[in-house]
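*Asks:* Pasting the sequence and the predicted model now:
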Amino acid sequence: MKILVISDVHGNLPALEYVLNAEQHVDLTISLGDVVGYGPWSNECVDLLDSLDQRVLVSGNHETAFLDGQYPGSHPVALAFFDFCFSRFNRQKKISIYQASYLKDNVEFVHTINDAYIFPDTEVSIHRDTFIGHSHRMFTKSVNGYALTNVGSVGQNRVNIDEINYAIWNTELNSVELIRKNFNVDYLINEMQVQGYPEICIDYIKSKRTL
(Lines give C-alpha, C1' and ligand atoms only; values in the text may rest on other atoms or scores of the structure.)
Protein backbone atom coordinates (compact mmCIF):
# COMPACT_ATOMS: atom_id res chain seq x y z
CA MET A 1 0.00 0.00 0.00
CA LYS A 2 1.31 3.42 -1.01
CA ILE A 3 0.23 6.30 1.24
CA LEU A 4 0.68 10.01 0.60
CA VAL A 5 1.24 11.92 3.85
CA ILE A 6 0.88 15.70 3.72
CA SER A 7 0.58 18.50 6.26
CA ASP A 8 0.23 22.26 6.61
CA VAL A 9 -1.36 23.05 3.26
CA HIS A 10 -2.42 26.43 4.70
CA GLY A 11 -4.81 27.51 1.99
CA ASN A 12 -2.32 27.08 -0.84
CA LEU A 13 -4.56 25.45 -3.45
CA PRO A 14 -2.12 25.36 -6.41
CA ALA A 15 0.50 23.61 -4.26
CA LEU A 16 -2.06 21.06 -3.04
CA GLU A 17 -3.28 20.44 -6.59
CA TYR A 18 0.32 19.93 -7.71
CA VAL A 19 0.97 17.27 -5.06
CA LEU A 20 -2.29 15.40 -5.64
CA ASN A 21 -1.68 15.38 -9.39
CA ALA A 22 1.91 14.20 -8.98
CA GLU A 23 0.86 11.41 -6.59
CA GLN A 24 -2.50 10.42 -8.05
CA HIS A 25 -1.70 6.68 -7.96
CA VAL A 26 -1.47 6.38 -4.16
CA ASP A 27 -3.90 4.15 -2.28
CA LEU A 28 -4.60 6.61 0.53
CA THR A 29 -3.97 10.27 1.35
CA ILE A 30 -3.46 11.30 4.98
CA SER A 31 -3.51 15.01 5.82
CA LEU A 32 -2.00 15.89 9.20
CA GLY A 33 -3.88 19.14 9.61
CA ASP A 34 -3.59 22.90 9.16
CA VAL A 35 -5.32 22.77 5.81
CA VAL A 36 -6.66 26.26 6.50
CA GLY A 37 -5.20 29.69 7.20
CA TYR A 38 -2.51 31.92 5.68
CA GLY A 39 -3.16 31.28 1.97
CA PRO A 40 -6.10 32.67 -0.04
CA TRP A 41 -7.85 29.35 -0.71
CA SER A 42 -8.79 27.74 2.66
CA ASN A 43 -12.34 26.88 1.52
CA GLU A 44 -11.11 25.38 -1.75
CA CYS A 45 -8.40 23.29 -0.06
CA VAL A 46 -10.93 21.84 2.39
CA ASP A 47 -13.25 20.98 -0.51
CA LEU A 48 -10.49 19.36 -2.56
CA LEU A 49 -9.33 17.10 0.25
CA ASP A 50 -12.92 16.27 1.09
CA SER A 51 -13.45 15.12 -2.52
CA LEU A 52 -10.80 12.40 -2.34
CA ASP A 53 -12.22 8.88 -2.21
CA GLN A 54 -9.50 7.46 0.04
CA ARG A 55 -8.57 10.01 2.66
CA VAL A 56 -7.87 10.50 6.35
CA LEU A 57 -8.11 14.07 7.60
CA VAL A 58 -6.43 14.89 10.91
CA SER A 59 -7.07 18.21 12.62
CA GLY A 60 -4.37 20.82 13.30
CA ASN A 61 -4.22 23.85 15.57
CA HIS A 62 -5.47 26.12 12.78
CA GLU A 63 -8.61 24.01 12.35
CA THR A 64 -9.16 24.41 16.09
CA ALA A 65 -8.74 28.20 15.81
CA PHE A 66 -11.13 28.39 12.84
CA LEU A 67 -13.73 26.42 14.81
CA ASP A 68 -13.22 28.50 17.96
CA GLY A 69 -13.31 31.75 16.00
CA GLN A 70 -10.14 33.07 17.61
CA TYR A 71 -6.40 32.58 17.29
CA PRO A 72 -4.78 31.78 20.66
CA GLY A 73 -1.38 33.34 19.93
CA SER A 74 -0.21 36.96 20.04
CA HIS A 75 2.23 37.18 17.12
CA PRO A 76 1.09 40.14 14.99
CA VAL A 77 1.76 38.38 11.68
CA ALA A 78 -0.17 35.26 12.67
CA LEU A 79 -3.03 37.40 14.00
CA ALA A 80 -3.19 39.44 10.77
CA PHE A 81 -3.34 36.26 8.70
CA PHE A 82 -6.01 34.77 10.97
CA ASP A 83 -8.25 37.85 10.93
CA PHE A 84 -8.09 38.08 7.14
CA CYS A 85 -8.59 34.37 6.37
CA PHE A 86 -11.13 33.53 9.08
CA SER A 87 -13.52 36.25 7.92
CA ARG A 88 -13.70 34.57 4.50
CA PHE A 89 -13.95 30.95 5.71
CA ASN A 90 -17.24 29.06 5.72
CA ARG A 91 -16.36 25.35 5.75
CA GLN A 92 -16.55 24.91 9.54
CA LYS A 93 -18.89 21.94 9.23
CA LYS A 94 -16.40 20.01 7.10
CA ILE A 95 -13.37 20.61 9.35
CA SER A 96 -15.40 19.89 12.49
CA ILE A 97 -15.22 16.16 11.70
CA TYR A 98 -11.44 16.04 11.22
CA GLN A 99 -10.03 13.51 13.67
CA ALA A 100 -7.47 14.18 16.41
CA SER A 101 -5.15 11.40 15.25
CA TYR A 102 -5.10 8.23 13.18
CA LEU A 103 -3.53 4.83 13.75
CA LYS A 104 -2.64 2.38 10.97
CA ASP A 105 -0.52 -0.77 11.39
CA ASN A 106 0.53 0.63 14.80
CA VAL A 107 1.89 3.77 13.11
CA GLU A 108 0.45 7.03 14.47
CA PHE A 109 -0.46 10.08 12.41
CA VAL A 110 -0.99 13.30 14.37
CA HIS A 111 -0.50 17.02 13.79
CA THR A 112 2.13 17.28 16.51
CA ILE A 113 3.08 15.99 19.96
CA ASN A 114 2.25 17.94 23.13
CA ASP A 115 1.32 21.00 21.02
CA ALA A 116 5.04 21.56 20.38
CA TYR A 117 6.99 22.73 17.35
CA ILE A 118 9.22 19.72 16.83
CA PHE A 119 12.52 20.14 14.97
CA PRO A 120 15.36 17.64 14.38
CA ASP A 121 17.05 18.62 17.67
CA THR A 122 13.87 18.70 19.77
CA GLU A 123 13.79 16.22 22.65
CA VAL A 124 10.59 14.19 22.44
CA SER A 125 9.37 10.74 23.43
CA ILE A 126 7.28 8.45 21.20
CA HIS A 127 6.07 4.89 21.69
CA ARG A 128 5.50 3.84 18.08
CA ASP A 129 6.52 5.02 14.62
CA THR A 130 4.92 8.45 14.25
CA PHE A 131 4.22 10.95 11.46
CA ILE A 132 3.79 14.64 12.36
CA GLY A 133 3.68 18.11 10.77
CA HIS A 134 3.22 21.52 12.44
CA SER A 135 6.81 22.83 12.48
CA HIS A 136 7.01 23.08 8.65
CA ARG A 137 10.41 21.34 8.76
CA MET A 138 10.79 17.99 7.02
CA PHE A 139 13.02 15.37 8.66
CA THR A 140 13.11 11.86 10.00
CA LYS A 141 14.99 10.56 13.03
CA SER A 142 15.05 7.66 15.44
CA VAL A 143 13.51 8.21 18.90
CA ASN A 144 13.40 5.45 21.50
CA GLY A 145 13.97 2.96 18.67
CA TYR A 146 11.01 4.29 16.69
CA ALA A 147 10.91 6.43 13.58
CA LEU A 148 9.68 10.01 13.95
CA THR A 149 8.90 11.60 10.57
CA ASN A 150 7.95 15.22 10.07
CA VAL A 151 6.52 15.55 6.55
CA GLY A 152 7.07 19.32 6.37
CA SER A 153 4.61 21.65 4.68
CA VAL A 154 2.86 21.54 1.33
CA GLY A 155 1.79 25.16 1.31
CA GLN A 156 4.12 27.19 3.49
CA ASN A 157 7.69 25.98 3.74
CA ARG A 158 9.25 28.38 6.24
CA VAL A 159 12.84 27.79 5.14
CA ASN A 160 12.21 28.19 1.41
CA ILE A 161 8.61 28.98 0.58
CA ASP A 162 9.22 28.09 -3.05
CA GLU A 163 9.55 24.43 -2.04
CA ILE A 164 6.85 21.82 -1.36
CA ASN A 165 7.46 18.99 1.13
CA TYR A 166 5.56 15.72 1.66
CA ALA A 167 6.16 12.00 2.20
CA ILE A 168 5.24 8.66 0.65
CA TRP A 169 4.96 5.67 2.98
CA ASN A 170 5.16 2.24 1.33
CA THR A 171 3.61 -0.12 3.89
CA GLU A 172 4.83 -3.34 2.23
CA LEU A 173 8.43 -2.18 2.18
CA ASN A 174 7.99 -0.12 5.36
CA SER A 175 9.90 2.64 3.61
CA VAL A 176 9.35 6.38 3.81
CA GLU A 177 10.37 8.70 0.98
CA LEU A 178 10.71 12.38 1.87
CA ILE A 179 9.97 14.47 -1.21
CA ARG A 180 10.97 18.05 -2.04
CA LYS A 181 9.64 19.88 -5.10
CA ASN A 182 10.42 23.38 -6.29
CA PHE A 183 7.22 25.39 -6.72
CA ASN A 184 7.33 29.11 -7.43
CA VAL A 185 4.95 31.11 -5.23
CA ASP A 186 4.58 34.19 -7.45
CA TYR A 187 0.98 33.06 -8.04
CA LEU A 188 0.38 33.03 -4.26
CA ILE A 189 1.72 36.53 -3.71
CA ASN A 190 -0.23 37.84 -6.72
CA GLU A 191 -3.50 36.39 -5.40
CA MET A 192 -2.84 37.81 -1.92
CA GLN A 193 -2.38 41.24 -3.47
CA VAL A 194 -5.57 40.85 -5.54
CA GLN A 195 -7.56 39.88 -2.43
CA GLY A 196 -6.18 42.81 -0.43
CA TYR A 197 -4.17 40.99 2.24
CA PRO A 198 -2.52 43.30 4.81
CA GLU A 199 0.99 44.30 3.80
CA ILE A 200 2.43 42.60 6.92
CA CYS A 201 1.19 39.26 5.54
CA ILE A 202 2.57 39.78 2.03
CA ASP A 203 5.92 40.90 3.42
CA TYR A 204 6.04 37.75 5.57
CA ILE A 205 5.61 35.46 2.56
CA LYS A 206 8.24 37.41 0.61
CA SER A 207 10.65 37.08 3.55
CA LYS A 208 10.55 33.29 3.24
CA ARG A 209 11.87 33.29 -0.32
CA THR A 210 15.48 32.34 -1.00
CA LEU A 211 15.47 33.01 -4.75
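*Replies:* Right, received. Where do you want to start? Numbers count the residues shown, from 1 in each chain.

*Asks:* Tyr18 - nearest residue in space that isn't next to it in sequence?
*Replies:* Take Tyr18 and drop its neighbours on the chain: the residue closest to it by C-beta to C-beta, 6 or more residues apart in numbering is Phe183, 6.1 Å away. Where C-beta positions appear, they are placed from N, C-alpha and C, glycine not excepted.

*Asks:* Tell me, how many residues neighbour the one you found?
*Replies:* 19 (other C-beta atoms under 10 Å).

*Asks:* Would you check how far apart it and Glu17 are?
*Replies:* Distance from Phe183 to Glu17, counting by C-beta to C-beta, to the nearest Å: 11 Å.

*Asks:* Could you do Gly37 as well?
*Replies:* Counting by C-beta to C-beta, the gap from Gly37 to Glu17 is 18 Å.

*Asks:* More neighbours: which of these two?
*Replies:* Gly37 (27 against 14).

*Asks:* Quick one, grab the pLDDT at the more buried one.
*Replies:* Predicted confidence (pLDDT) for Gly37: 98.

*Asks:* now the one 10 residues further on
*Replies:* We note a pLDDT of 98 for Asp47 in this prediction.

*Asks:* residues in contact with it?
*Replies:* Arg91, Lys94 (C-beta atoms under 8 Å, 6 or more residues apart in numbering).

*Asks:* Could you look up the SS state of it?
*Replies:* Asp47 carries the three-state label helix when classified by DSSP: H, G, I helix; E, B strand; the rest coil.

*Asks:* Relative to Gly73, how far out is it?
*Replies:* From Asp47 to Gly73 the distance is 27 Å (C-beta to C-beta).

*Asks:* same thing with Tyr146?
*Replies:* Tyr146 is 30 Å from Gly73, by C-beta to C-beta.

*Asks:* quick one, which of these two is more surrounded?
*Replies:* Tyr146 (16 against 11).

*Asks:* Need phi/psi at that one.
*Replies:* Backbone torsions for Tyr146, taken as degrees, to the nearest 10, come to phi -110, psi 160.

*Asks:* and if you look at Ser59?
*Replies:* Taking degrees, to the nearest 10, you get phi -90, psi 140 for the backbone angles of Ser59.

*Asks:* Just to be sure, Ile164 is in a strand?
*Replies:* Yes - counting by three-state DSSP, Ile164 is found in a strand.

*Asks:* if I look at it, how far off is Ile205?
*Replies:* Using C-beta to C-beta, Ile164 is found at 15 Å from Ile205.

*Asks:* ok, the nearest residue to Phe66 once chain neighbours are set aside to Asp105 distance?
*Replies:* Nearest-residue entry for Phe66: Val36, 5.3 Å, with adjacent residues in sequence omitted and distances by C-beta to C-beta, 6+ apart. From Val36 over to Asp105 the distance is 29 Å, taken as C-beta to C-beta.

*Asks:* With Pro14 instead?
*Replies:* Distance, Pro14 to Asp105, by C-beta to C-beta: 32 Å.

*Asks:* show me what contacts the residue nearest to Asn114 when sequence neighbours are not counted?
*Replies:* Using C-beta to C-beta, 6+ apart and skipping the chain neighbours, the partner closest in space to Asn114 is Val124 (7.6 Å). By C-beta under 8 Å, 6+ apart, the contact set of Val124 is Ile113, Asn114, Ala116, Ile118, Val143, Leu148.
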